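1. predicted model follows, preceded by the sequence.
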Amino acid sequence: MTVVTVPGPASPSVPSIEPAAAALNRSAPLPLDLVKQSAAVEQLDRVIVSLLHERMVADARIQAMRTESHLGQRTLSEEKELLERYAGPLGRLGTRIAMLILTQ
């Protein structure tokens, strides 16, 4: 069995999310709605980072199993499916995200 190591959420490769109010560096208080919306976005960012980490771990396991089974890495059709899966709902941004995933 191959052991796969993937950097965790605490590793330097995963950026930390600064609280929005501190990041804006203003002397005047921020409107409450802005603070609430910023907090909601920060929470979504934490969830996205966590999900991407889970995906990296799962993909590393798959690649290790393929290597052990002498199957090679992803096929072209699998890469195309991944690109379509992200590009369909997200357009050009989805394509860019999928390309980053494929190159990790």
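-> Happy to help now that I have it. Just so it is clear, the model here is predicted, and its values are computed rather than measured. Residues are numbered from 1 along each chain as shown.
2. could you look up the next helix or strand downstream of the helix or strand hosting Lys36?
-> Remark: Lys36 resides in helix 32-68, with elements defined by DSSP states H and E. Later in the chain than helix 32-68, the nearest helix or strand by DSSP H and E is helix 76-103.
3. against the centre of this structure, work out the most remote residue.
-> Ala28 (33.8 Å; Cα atoms, centre = their mean).
4. that residue and Leu90, how far apart?
-> Separation of Ala28 from Leu90 (Cβ to Cβ, to the nearest Å) stands at 35 Å. (Glycine included, C-beta is placed from N, CA and C.)
5. give the buried residues for the helix holding Lys36.
-> Residues of helix 32-68 classed as buried under the neighbour-count rule (16 or more other Cβ atoms under 10 Å) are Ser38, Leu52, His53, Met56, Asp59, Ala60, Gln63.
6. tabulate those residues (TSV), appending distance to Gly94 and pLDDT.
-> Compiled in TSV, these are given as follows (distance: Cβ to Cβ, whole Å; pLDDT from 0 to 100):
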residue	distance to Gly94	pLDDT
Ser38	24	95
Leu52	14	95
His53	19	96
Met56	18	94
Asp59	17	93
Ala60	22	93
Gln63	22	92
